[in-house]
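Student: Got a sequence here, can you build the structure:
(chains A and B)
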Amino acid sequence: MSQVAPRPGDPVITPALVAEHGLTPDEFQRLQGMLGRDPTFTELGIISALWSEHCSYKHSRPVLKSLPTEAPHVLQGPGENAGVISIGDGLAVAFKIESHNHPSAVEPYQGAATGVGGILRDVFTMGARPIAMLNSLRFGSLDDSRVRYLFAGVVKGIGDYGNCVGIPTVAGEIVFDAAYEKNPLVNAMCVGLMHEEDLIRAKAEGVGNPIMAVGARTGRDGIHGASFASEDLSEASDAKRPRIQVGDPFTEKLLLEASLELIKSGHIVAIQDMGAAGLTSSSAEMAERGDVGVTIDVSKVPTREKGMTPYEILLSESQERMLVVARKGHEDAVSEILTKWDLTAAVIGEVISEPVYRVTEGSRIVAEFPGSRLVTDCPVYSPGARESAAIIELRAADPSSIPELAEERDHCWTLERLLASPTIASKTWAYRQYDSTVRTNTVVGPGGDAAVLRVRGTNKAISLKTDCNGRYVYLDPRVGGRIAVAEAARNVACTGARPMAITNCLNFGNPTRPEVFFQFREAVAGMGEACRALGTPVTGGNVSFYNESPTSAVYPTPVIGMVGLIDDLAHVTRSAFQHDGDTILLLGEMAGELGGSEYLATIHGEVVGAPPRCDPAREKAVIDALLESIQSGAVSSAHDCSDGGLAVALSECCISNIDCLSGAEVDLSCFNGFTDRAILFGETQGRIVISSAAPERVMEIAKRHGVDCTQIGRVRRHSDILEVTLPKSSLRAPLARLKSAYHDTIPSIMSRTPEHATFDELSQVAAH
Amino acid sequence: MKFGIVTFPGSNCDYDAYHAITEVLGEEAIYLWHKDHDLQSSDVIILPGGFSYGDYLRAGAIARFSPIMQEVIAHAKAGGPVLAICNGFQIACEAGLLPGALMRNSHLQFVSDAVRMRVENTDTMFTNLYERGEVLRIPVAHGDGRFVASEETLDQLEGDGRVVFRYADATGKITPQANPNGSERNIAGIVNDAGNVLGLMPHPERACSPLLGSSDGVRLLESILTKVAA
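Tutor: The predicted structure follows:
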């Protein structure tokens, strides 16, 4: 039998080369032990990718195990390309969220575009047709011209890719905070719909079955993208631009149609995206799931250019490629489907019984690993965790000791500033660049509490939302983790949906730093508590560590992607006030908590205090009361109370529908145990602003669920003022001013760049 | 009546057109593959929206050379109805079925919104169920929707009543603010000389259900039924 031998021209394996591949000396020893010899250059490359944080989850896996992943409706939990839940009627929803932070920090347009492409493939490889895209974006302050360049580029990248493939982008969140200045977060979520029987798993099976590469050809782009994602960003990161892939949404659209046709055809047993670490990780993961061996001949992989080495072919992250395990004898049928869609397919390997991962280049063996658990045989770390003393101190600070500014005597002044804070302000500037209505299922599009899509052929709808408040997680990761889940659940509940399950994208700093690992461990624990209480298991997701720039780590940001189910289209509920004379109710309690609020950050420049408390059992009760009220027909509108507190929530109910503003008359004088600013701007959790023509019914339902509910005012459809009476003062806010603050801020900031600047021109501005 | 919906590589509104025809109109619809030469006795052809061939060269520029387009052009020349929506409008212009061209939006951004358009001419097979001056709410979603043509052509289009839809505000006023892409004279849709080919950037097939925000597009499809059946 032939032996693995270095390929002529391969670099010599030196400690420096090992370090360059991101392997520690201990990890290298582990590799030597696994092989019983020194690795070849190709093998070093393979392991560098597979044992990268991005692929191996080596710092996160033990912590993630604590999350709840099971429920009767979960058809596929973590470990596959995407999670899948049943929604009844034989239908299922596949969904997943993933980060593309580092590529987007260096090359925003392609970074974001390929993030969309990758997550789309993760969903359609489960056999589901993608029906919606969401995203969750974090940038620094928009006052910075490079941040505007990143924001404009990411939005255009997301739009151009999703629009071309023809999948509506229906919801998301965009947050601006200096904490993300050098390291933006770009998380993309895809949701697909399928018949349960079409579910296919990426599990290599059937000894003798051929392994095929389908879709685009393999080029030299994106080599070591996975490793790039697994290190801190630095001044040198710009030099790693070549590691960033280039997306081609047109090919993706063809690949989407071809893949779904392949899955339906029954000619294949498994399919997986060649995503991070390309051919290497897709083949190794499929082998591992099937507990079989594989052999791949890189000389048979269709390439874009001549002379690519095995190392390059294995590690390329060229986009729009799939690895398929076909049924033996069905190779031609597979090729025929790909040819119909003007794509290529080539047999490049085979499933074998021998427990080995073998790569050949023609007859030469260039890499061979024993066993079929190449991916999980990676090292696993449980680093030290210790909370930063500085954060303990911030949390202990009392926000009420911060004196009010003189201007704040006019509550309207404060409210306008909050509505004009880019995190709160309308994001229509971005959403207008996303096709949100293609496929004609979008009942509630971007800008609502959550998106709602009808499910064709049924009377049901699904509700979708991404959410996280990184500032809360920063100040108290356990509570912040709970809130991220609870708020996402509340958002889908406001549209009338029962929260079903989540996917998550955990964006953190460098896990080898004890204060970062503490945040990670605690935030995950908090998420788990909320998921258990709300009955929303985790079906998968992604961990993105090393979100650090030379100056600091980002806020710990565990983004939650929530899926909810509406059983009857008649229950779809919107956030804006609907009918004149409706009673306005506050469901949930008043507690006047200002800690960690947008008010303190925007008005006082302070990130201090304990974030609002979050009791998952109470959140469950609030959601139950809300859903029962909606199902009883008593609710005209429902809006979650979050960033900016009750004052911002009420304003949004009045002005978010720019075509149909509505005034309101509100009396909060009964809450006289709190200061006026805490009543208006405190961000106490578990609260929903409801408008109703049958307030007694809502009150009765709330009482039965043990939830506070207060009648606080009336919708004045024809008034042009939001009036709020407070214990010690009042707020009279003309809607025109609120509307202008809310709707004009981002367009006006983005027009600071030269008018009609193209994205390329913006790039030049950013370079200066 | 049988509607043939052409699927080009990169079409992505073929499915929406299919559902509008079959579910809302209750008529027969089939997909026509771009590599085929057979319209399968379709009475009406729909060139749907999307990004045919990725629109990488110029929107619609490659799709017009698809084998099926020879038959579509022949069908149109023989007076057969063609409804060309969004990318379909771009393809129809590239194929010479309609005058003018669709250029990059004046603000250079993709625009997705529910815009308003005013019905300018109700004497066409696509608009006979609307009222003249009626304002419709219809979604747009495009990057290259700015209709341009020579002054002479524009004058002629207007003179012949071939400007069928114009972007307008809620009260029906033709204003620059109501124009989502910078189209000349706020033109949203035109017909050919014979009146059997309609090209428009807004998506009537997405405005077929009150649940989704508007059903103003339904009468456009129904108009074709009345006229062609008559």
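
Student: Next secondary structure after the host helix or strand of residue B:83?
Tutor: Following DSSP states H and E, one finds residue B:83 within strand B:82-85. Downstream of strand B:82-85, the first helix or strand assigned by DSSP H and E is helix B:87-94.

Student: strand partners of the next helix or strand along the chain from that next one, parallel vs antiparallel please.
Tutor: The first helix or strand that comes after helix B:87-94 along the chain, using DSSP H and E, is strand B:101-103. Here strand B:101-103 is paired, per DSSP bridges, with strand B:146-148 (antiparallel).

Student: How much space separates residue A:725 from chain B?
Tutor: 34 Å (Cβ to the nearest Cβ, to the nearest Å). (Each C-beta comes from the backbone N, C-alpha and C, glycine too.)

Student: Return the distance of that residue relative to residue A:580.
Tutor: 20 Å (Cβ to Cβ, to the nearest Å).

Student: cool, and residue A:143?
Tutor: Residue A:143 is 40 Å from residue A:580, by Cβ to Cβ.

Student: Likewise for residue A:497?
Tutor: When residue A:497 is compared with residue A:580 (using Cβ to Cβ), they lie 27 Å apart.

Student: Those two: which is more packed in?
Tutor: Using other Cβ atoms under 10 Å in any protein chain shown as the criterion, residue A:497 and residue A:580 rank with residue A:497 on top: 31 against 13.

Student: Helix or strand: which one has the closest residue to that one other than its chain neighbours?
Tutor: When the adjacent residues along the chain are set aside, residue A:497 lies closest to residue A:564, with 3.0 Å between them (Cβ to Cβ, 6 or more residues apart in numbering or on different chains). Secondary structure from DSSP H and E places residue A:564 in strand A:557-566.

Student: Who is residue A:323 paired with across the strands?
Tutor: Going by DSSP bridges, residue A:323 forms beta bridges with residue A:213, residue A:272.

Student: My understanding was that it contacts residue A:271; is that so?
Tutor: Yes. Look at residue A:323 against residue A:271 with Cβ atoms under 8 Å: they come within range, at 7.3 Å.

Student: Check the stretch 51-200 of chain A for the residue nearest chain B and tell me.
Tutor: Proximity of the stretch 51-200 of chain A to chain B (Cβ to the nearest Cβ) peaks at residue A:166, 2.4 Å away.

Student: a helix runs through residue A:690, doesn't it?
Tutor: No. Assignment of residue A:690 by DSSP: H, G, I helix; E, B strand; the rest coil gives strand, placing it outside any helix.

Student: how far away is it from chain B?
Tutor: 22 Å.

Student: which residues does the nearest residue to that residue once chain neighbours are set aside bridge with?
Tutor: Once flanking residues are discounted, residue A:690 sits nearest to residue A:585: 4.6 Å by Cβ to Cβ, 6+ apart. Beta-bridge partners recorded for residue A:585 (DSSP bridges): residue A:690, residue A:711.

Student: how many neighbours does residue A:585 have?
Tutor: So residue A:585, with other Cβ under 10 Å, has 24 neighbours.

Student: Please tell me I have it right and it contacts residue A:714.
Tutor: No. At 10.6 Å, residue A:585 and residue A:714 do not qualify as touching, with contact defined as Cβ under 8 Å.

Student: Tell me who's in contact with residue A:196.
Tutor: Listed by Cβ atoms under 8 Å, 6 or more residues apart in numbering or on different chains, the contact partners of residue A:196 are A:75, A:86, A:90, A:91, A:92.

Student: Mind checking which of the residues you listed are buried?
Tutor: Neighbour counting by 16 or more other Cβ atoms under 10 Å in any protein chain shown classes A:75, A:86, A:91, A:92 among these as buried.

Student: So which residues on chain A come close to chain B?
Tutor: A:156, A:159-160, A:163-166, A:248-251, A:253-254, A:341-342, A:431-443, A:454, A:456, A:569, A:659, A:756, A:758 (Cβ under 8 Å from any Cβ of the partner chain).

Student: I'd like to know which of the residues you listed are part of helices.
Tutor: A:156, A:159, A:160, A:163, A:164, A:165, A:249, A:250, A:251, A:253, A:254, A:431 (DSSP state H).

Student: mind listing the strands for chain B?
Tutor: B:2-7, B:28-33, B:44-47, B:82-85, B:101-103, B:111-119, B:135-142, B:146-148, B:163-167, B:187-191, B:197-200 (DSSP state E).

Student: in its sheet, what does the fourth one sit against?
Tutor: Based on DSSP bridges, the strands next to strand B:82-85 in the sheet, each with its direction, are strand B:44-47 (parallel), strand B:197-200 (parallel).

Student: Mean neighbour count and mean pLDDT added to those strands, as CSV?
Tutor: As requested, the strands paired with strand B:82-85 are exported to CSV (neighbours: other Cβ atoms under 10 Å in any protein chain shown; pLDDT from 0 to 100):
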stretch, mean neighbour count, mean pLDDT
strand B:44-47, 27, 98
strand B:197-200, 28, 98
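
Student: now for these, which one comes closest to residue A:184?
Tutor: Each of these has some distance to residue A:184 by Cβ to Cβ; the shortest is strand B:197-200, at 38.0 Å.
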